[in-house]
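Colleague: sequence first, predicted coordinates after that:
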Amino acid sequence: MSETDPPVGTPAERPGASPVETEGRAAVNEDWAATVVGLVLLALVLFGVIPVGLVP
C-alpha cells in the first residue's frame, strides 16, 4: 500500500479521525434510550394507563 492510497476502514479505525466523523447525528446510545423509556413509563403512570397495583 502506498502513501497516496486512501485510508481503508471505518472512521473509528483510521488514526486521527475526529469524534464527529465517527458518530452519526441520529445516533441514540443506551443512555438516551433508557431515559426515553423511563419518561414514557412515568407518563403512562401519571395518565393512569398503568394501574396503581402495578406501581410499587
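Modeller: Arrived safely, thanks for sending.

Colleague: can you list the neighbours in contact with stretch 32-51?
Modeller: The contact list for stretch 32-51 (C-beta atoms under 8 Å, 6 or more residues apart in numbering) reads Val55. To be clear about C-beta, it is placed using only N, CA and C from the backbone, and glycine gets the same treatment.

Colleague: tell me the mean pLDDT for that stretch?
Modeller: Stretch 32-51 comes out with an average pLDDT of 91.

Colleague: mind exporting the C-alpha coordinates of it to CSV?
Modeller: Taking C-alpha atoms only, stretch 32-51 is exported to CSV below (Å, rounded to 0.1, in the frame of the first residue of the first chain):
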residue,chain,number,x,y,z
TRP,A,32,-30.8,8.1,25.9
ALA,A,33,-32.9,5.0,25.1
ALA,A,34,-33.2,4.3,28.8
THR,A,35,-34.1,7.9,29.5
VAL,A,36,-36.9,7.9,26.9
VAL,A,37,-38.3,4.6,28.1
GLY,A,38,-38.3,5.9,31.7
LEU,A,39,-40.1,9.0,30.7
VAL,A,40,-42.7,7.1,28.7
LEU,A,41,-43.3,4.8,31.7
LEU,A,42,-43.6,7.8,34.0
ALA,A,43,-46.1,9.4,31.7
LEU,A,44,-48.2,6.2,31.5
VAL,A,45,-48.4,6.1,35.3
LEU,A,46,-49.3,9.7,35.6
PHE,A,47,-52.1,9.4,33.0
GLY,A,48,-53.4,6.3,34.7
VAL,A,49,-52.8,3.9,31.8
ILE,A,50,-50.7,1.7,34.1
PRO,A,51,-52.9,0.7,37.1
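
Colleague: which stretches in this protein count as strands?
Modeller: Assignment of strands within the chain using DSSP state E yields no ranges at all.
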